[in-house]
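Chemist: this is a predicted model, with the sequence first.
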Amino acid sequence: PTIAAPSYASDAASAAAQQAAAAAANGSSALMRATQAIQAMQATQAAARSAAQTAGTSRTLPQVVPNGLAPGGLQVAPGASDPKSGLWSGASLPTQAIVNGRTSVGINQTASQAILNWQSFNVGAQTDVVFNQHGNGSWVALNRVVGNVGPSQILGNIRADGQVLLINQNGIIFGGASQVNVGSLVASTLNIADKQFQAGLFNRSPLDSTGNLQAPIFSNGSGPTGDVIVEAGAVIVTAPPLSATKAGGNAFLFGANVQNNGSIVTPGGQAVLAAGTSVYITTSSDSSKLGLSFNVLNGGTVTN
């Protein structure tokens with residue numbers, strides 16, 4: 001039978017309303033499930049952080065780390081106090097004080113690029129490492145562990161206005177109670193040469209003018225390649241963008257294997273976990289693209 005136009009329109013409108021209501025209900029249900037998942041994750045992270053604070057050690061390597069400037073804690077490389085050694089440049093030697101019941105280790109940067117060699121770089125649970133970069137988000141501090149003393153354990157806090165690089169070819173562990181608030185972070189068990197660091201971290205292209213592959217930015221060379229581990233409860237936060245046309249701070253974790261069970265927050269920036277023996281980093285020739293491209297050789301395992 002023929003259906004009158006008004007009746008047909010009414011039925012179609014009713015069907016559309018029912019579909020919209022069903023879609024809204026599904027969307028609300030999905031939003032609720034997502035909210036519950038986020039809340040569960042936050043509760044898990046908070047519980048892990050509380051347990052790590054109580055233990056005062058990492059779960060990966062449960063050993064006590066001395067607070068402040070001490071053997072087995074934060075210890076500059078032998079000979080670093082000699083300006084002619086080249087082991088410590090662009091910053092004053094670290095100082096220590098007690099601030100609000102915690103051990104505060106201050107590093108006053110005196111140049112836009114600092115190269116700091118350490119015998120060990122272990123941050124105790126009651127230690128705050130503060131890089132004083134005088135409000136300069138573009139300043140960079142390269143911290144390289146030259147002592148063969150095992151993985152670096154970050155159990156306390158690290159703060160900086162600009163970029164902090166931590167290089168330890170034996171491994172890096174961010175304990176569950178650690179917190180890192182920096183402009184940008186590179187935590188790598190792949191080394192970077194001083195000349196490459198001084199020339200800039202990023203090549204325009206992975207190929208040179210003759211079409212051959214350039215040297216990687218980060219590489220294990222002939223040394224070991226440890227793992228980078230971010231334990232549950234750990235928090236890494238980089239700086240937000242200063243404007244709509246600027247990217248936020250980055251967090252780059254490079255190692256033979258990289259594992260993240262914590263929280264990495266990079267508002268407007270990049271969070272990159274790369275496992276391998278060499279990492280090439282290139283910028284884009286397109287000015288509208290703010291991010292970086294990565295090429296990794298001999299890839300390992302990334303868990304996030």
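Modeler: Cool, got the structure. Residues are numbered from 1 along each chain as shown.
Chemist: tally up the residues packed near residue 115, please.
Modeler: 20 (other CB atoms under 10 Å). C-beta coordinates here come from the backbone N, C-alpha and C atoms, glycine included.
Chemist: would you map the strands across the stretch 51-200 of the chain?
Modeler: 74-76, 88-89, 95-99, 102-108, 113-121, 127-132, 140-145, 152-154, 157-160, 163-167, 172-174, 179-182, 184-188 (DSSP state E, counting those that start in this stretch).
Chemist: which elements pack onto the fifth one?
Modeler: For strand 113-121, the packing partners by 3 or more CB pairs under 8 Å, 6 or more residues apart in numbering; DSSP states H and E come out as strand 74-76, strand 88-89, strand 140-145, helix 194-199.
Chemist: again, but for the shortest one
Modeler: For strand 88-89, the contact count by 3+ CB pairs under 8 Å, 6+ apart identifies strand 113-121 as packing neighbours.
Chemist: you'd agree residue 17 is in a strand?
Modeler: No. Remark: residue 17 does not belong to a strand; assigned using DSSP: H, G, I helix; E, B strand; the rest coil, it is helix.
Chemist: how far away is it from residue 24?
Modeler: The spacing between residue 17 and residue 24, counted by CB to CB, to the nearest Å, is 10 Å.
Chemist: now residue 108
Modeler: Shown here: residue 108 relative to residue 24, a distance of 57 Å by CB to CB.
Chemist: more neighbours, these two?
Modeler: Neighbours around residue 108 and residue 24, counted as other CB under 10 Å, are more numerous at residue 108. The numbers are 15 against 10.
Chemist: and the gap between the more buried one and residue 131?
Modeler: In terms of CB to CB, residue 108 sits 9 Å off from residue 131.
Chemist: do residue 216 as well
Modeler: To residue 131, residue 216 is 26 Å away according to CB to CB.
Chemist: got it, and residue 178?
Modeler: According to CB to CB, residue 178 stands 16 Å off from residue 131.
Chemist: next one: residue 101
Modeler: Distance, residue 101 to residue 131, by CB to CB: 21 Å.
Chemist: do the same with residue 245
Modeler: Distance, residue 245 to residue 131, using CB to CB: 26 Å.
Chemist: swap in residue 70?
Modeler: 19 Å.
Chemist: pick out whichever of those two has more residues nearby.
Modeler: Neighbour totals were compared for residue 70 and residue 131, and residue 131 leads with 27 against 16 (other CB under 10 Å).
Chemist: ok, the more buried one touching residue 163?
Modeler: No. Between residue 131 and residue 163 there is no contact under CB atoms under 8 Å: 9.4 Å.
Chemist: give me the common contacts of the two.
Modeler: Both residue 131 and residue 163 are in contact with 141, 182, where contact means CB atoms under 8 Å, 6 or more residues apart in numbering.
Chemist: for burial, what's the neighbour tally of residue 66?
Modeler: What residue 66 shows, counting by other CB under 10 Å, is a neighbour count of 17.
Chemist: check contacts around the residue lying closest to it once chain neighbours are set aside.
Modeler: Nearest non-adjacent residue to residue 66, counting by CB to CB, 6 or more residues apart in numbering: residue 73, 3.7 Å away. By CB under 8 Å, 6+ apart, residue 73 lies in contact with 65-67, 120, 122-124, 127.
Chemist: again, 10 Å this time
Modeler: If a contact means CB atoms under 10 Å, 6 or more residues apart in numbering, then residue 73 has 64-67, 103, 105, 120-124, 127, 153, 155-156 as its contacts.
Chemist: quick one, phi/psi of residue 183?
Modeler: As for residue 183, its main-chain torsions (degrees, to the nearest 10) stand at phi -60, psi -50.
Chemist: same question for the one 10 residues further on.
Modeler: Note on residue 193: backbone dihedrals following degrees, to the nearest 10 are phi -70, psi 150.
Chemist: what do you get for residue 245?
Modeler: phi -100, psi 0.
Chemist: residues near it, how many?
Modeler: The tally of other residues near residue 245 (other CB under 10 Å) stands at 9.
Chemist: okay, and the beta partners of the residue sitting nearest the centre point of the chain?
Modeler: The chain has residue 251 as the residue nearest its centroid, 3.3 Å off, counting by CA atoms, centre = their mean. Residues in a beta bridge with residue 251, per DSSP bridges, are residue 185, residue 271.
Chemist: residue contacts, it?
Modeler: 180, 182, 184-187, 230, 236-238, 260, 264-266, 269-273.
Chemist: tell me the buried residues within those.
Modeler: 180, 182, 184-187, 230, 236-238, 260, 264, 266, 269-273 (16 or more other CB atoms under 10 Å).
Chemist: show me the shaky parts of the protein.
Modeler: Under the criterion pLDDT under 70, the flagged ranges of the chain are 1-13, 16, 202-209, 211-213, 223, 284-290.
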